[in-house]
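**Q** Sequence first, predicted model second:
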Amino acid sequence: METDFTAQIIKQVITAWAANSKVISNFFSKYEDAYYLNEVAPGRNRAIYLLGHLIASNDSMLPMFDLGEPLYPELVTTFLRTPDKTEPDTLTIAELKQRWETLNTTLAAHFDKMQTQDWMSRHTRVSEEDFALEPTRNKLNVLIGRTNHQQYHYGQLTLLTQKVAVA
């Protein structure tokens, strides 16, 4: 019985992640590309940067879940290690949107194949010793965190929509 509940919870978490990903995809298909070059608030990140940041962050789940190498390792420096506007834009919004969609499709295909025991197992950034002490440091917990991370940045993106509506 417990395994049935665990599988149900895992399915709900995956569904929430997918729904958040879709909301972000929809946001980035609403406006002309130039719109996404705006800051979400004065002195804050631009929408294009937030999309690149989410791609780089979610892409790291592939090696973390032992599912393969990241698809876009070249995004790490620009979108995870340095603030927005530190480096020149090298990718267009169209290129980033395509990478976002490809990454989400790839992750969803892997997630569909994962079993309950896969989700409850340790991710590659935690040692076996630490995992034995804290079994909640598992792959499912990472996905919950990434789902929250996406939702946080979507909240920032909605500030841009409000800002433009007022202007």
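**A** Everything's here; your move. Everything quoted here is computed from the prediction, not taken from an experiment. Residues are numbered from 1 along each chain as shown.

**Q** Now the most centrally placed residue in the chain: phi and psi?
**A** With distances taken as Cα atoms, centre = their mean, the chain has residue 58 as the residue nearest its mean C-alpha position (3.7 Å). Backbone torsions of residue 58, given as degrees, to the nearest 10, read phi -70, psi -30.

**Q** measure it to residue 134 for me?
**A** For residue 58, the distance to residue 134 equals 23 Å [Cβ to Cβ, to the nearest Å]. Where C-beta positions appear, they are placed from N, C-alpha and C, glycine not excepted.

**Q** For the helix or strand containing residue 62, name the packing helices and strands.
**A** Assigning secondary structure by DSSP states H and E places residue 62 in helix 61-64. Secondary-structure packing of helix 61-64 (3 or more Cβ pairs under 8 Å, 6 or more residues apart in numbering; DSSP states H and E): helix 93-113, helix 139-166.

**Q** Report the buried residues of it.
**A** Judged by neighbour count using 16 or more other Cβ atoms under 10 Å, the buried positions of helix 61-64 are 61, 62, 64.

**Q** mind putting those in a markdown table, distance to residue 47 and pLDDT included?
**A** Shown next, in a markdown table, are those (distance: Cβ to Cβ, whole Å; pLDDT from 0 to 100):
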| residue | distance to residue 47 | pLDDT |
| --- | --- | --- |
| 61 | 22 | 98 |
| 62 | 24 | 98 |
| 64 | 26 | 98 |
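
**Q** Specify which member of the residues you listed is nearest to residue 84.
**A** residue 61 (22.4 Å; Cβ to Cβ).
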